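Chemist: Coordinates for the following, if possible.
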Amino acid sequence: MRRLHLTLRRLVLLGGVLILLFVGYAYLRQRPQDLPWTDLELAQPVGLFTGRKLAALTGDTVRCKALLDQAGIDHVAMKPGGADQCAYADAVRLKPDAAAIALVPAAVAPSCPVVAALRLWEWQVVQPAAQRIYGQPVRSIRHFGSYSCRRMYGRSQGDFSEHATADAIDVAAFVLKDGRQVSVLNDWKGGEKDAAFLRAVRDGACDLFSTVLSPDYNAAHRDHFHLDQAERGATGWRACR
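Modeler: Predicted structure coming up:
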């Protein structure tokens, strides 16, 4: 009798596991972005592995630019530039698009994986947060630039910054449709809505970029969000602060 009870318990447990596997499989079929082996599609919502797939584009420029084309992101591929530790080969410049958030200044040309993540951030994070909190969209994003041949924190020694290969951009402020500006410097500790918006877009960026640094990290980032697509992000080694 004891063996019978034990066998029944094992059968019930096995049945539960099979049900969970079936339900999980059915769910994941509806959300391919949550699986590590599916192809990245910029039109899909952000999934568990979207950030890793974006970072992996650093080693596949052709694939990255094809994804931009597939998603209707109008851009111009820039000629390779720089040298040695400051060489870049996959920078792209976004063309003006009335339906998209404008980058100000417009001449900025980050790497393709950064641009792909920026557009996903706009679609899936920034605009939904702006509509939810302010009831209007963001018109433009002000930034401090992307490419800069320098080491981290401008030091004379040490590792080179992701800016040295155009794999980063520093975001300073968001301009709403009505012209109001929400800046990291002035509003991180400002009014309830502004602080909530800035934290929402910072947190959402962490799912898309390898590194996200904000005023919560240190004083050097008191006036901007540092967003980069370091290659380590493809393995899941990410930084969000």
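Chemist: pLDDT (mean, whole number) over whichever helix or strand Asp203 is part of?
Modeler: Using DSSP states H and E, Asp203 maps to helix 192-205. Helix 192-205 carries an average pLDDT of 97.
Chemist: Pairing partners for the helix or strand that it is followed by, with directions?
Modeler: Following helix 192-205 in sequence order, the next helix or strand is strand 211-213 (DSSP H and E). In the sheet, strand 211-213 lines up against strand 225-228 (antiparallel), strand 239-240 (parallel) (DSSP bridges).
Chemist: which of those has the lowest average pLDDT?
Modeler: strand 239-240 (a mean of 94).
Chemist: Pull the residues that contact it.
Modeler: 203, 206, 210-213 (C-beta atoms under 8 Å, 6 or more residues apart in numbering). Heads up, the C-betas are built off the backbone N, CA and C, glycines and all.
Chemist: do that again at 6 Å, thanks
Modeler: Contact with strand 239-240 is made by 206, 211-212, as judged by C-beta atoms under 6 Å, 6 or more residues apart in numbering.
Chemist: closest to Gly81 among the residues you listed?
Modeler: Thr211 (22.5 Å; C-beta to C-beta).
Chemist: picking that back up, okay, the strands paired with strand 211-213 in CSV with mean neighbour count next?
Modeler: Listed next are those as CSV, based on neighbours: other C-beta atoms under 10 Å:
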stretch, mean neighbour count
strand 225-228, 26
strand 239-240, 16
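Chemist: Export those to CSV and append columns for distance to Met78.
Modeler: Shown next, in CSV, are these (distance: least, C-beta to C-beta, whole Å):
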stretch, distance to Met78
strand 225-228, 18
strand 239-240, 27
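Chemist: Which helix or strand in the chain has the lowest average pLDDT?
Modeler: Least confident helix or strand of the chain, by mean pLDDT, DSSP states H and E, is helix 2-30 with a mean of 49.
Chemist: Moving C-terminal from it, which element do we reach first?
Modeler: Assigned by DSSP H and E, the successor of helix 2-30 is helix 50-56.
Chemist: Contacts made by that following helix with the rest, please.
Modeler: Contacts for helix 50-56 (C-beta under 6 Å, 6+ apart): 33, 40, 113, 116-117, 207-208, 210, 229, 233-234.
Chemist: And the protein, what are its domain boundaries?
Modeler: For the chain, automatic domain parsing gives the domain ranges 1-30, 42-240.
Chemist: Give me whichever of the ones you listed is most buried.
Modeler: Counting by mean count of other C-beta atoms under 10 Å, domain 42-240 has the highest mean neighbour count of those, with a mean of 18.
Chemist: ok, and the closest non-adjacent residue to the residue nearest the centre of the chain?
Modeler: Taking C-alpha atoms, centre = their mean, the centroid of the chain lies closest to Leu208, which sits 2.5 Å from it. Using C-beta to C-beta, 6 or more residues apart in numbering and skipping residues adjacent in sequence, the residue nearest Leu208 is Ala117, 4.4 Å away.
Chemist: re the thing from before, how far away is the residue nearest to the centre of the chain from Leu42?
Modeler: 11 Å (C-beta to C-beta, to the nearest Å).
Chemist: Same question for Ala219.
Modeler: 35 Å.
Chemist: Then Arg139?
Modeler: Distance from Arg139 to Leu42, by C-beta to C-beta: 22 Å.
Chemist: pLDDT value on Ser156, please?
Modeler: Note for Ser156: predicted pLDDT of 74.
Chemist: How far off centre is stretch 143-152?
Modeler: How far stretch 143-152 lies from its chain's middle: 18 Å, per C-alpha atoms, centre = their mean, to the nearest Å.
Chemist: contacts for it?
Modeler: With contact meaning C-beta under 6 Å, 6+ apart, stretch 143-152 is reached by 86, 108, 110, 158-161, 163-164, 166, 169-172, 224.
Chemist: tell me which of these is nearest to Ile133?
Modeler: Val171 (17.1 Å).
Chemist: Right, I'll leave it there.
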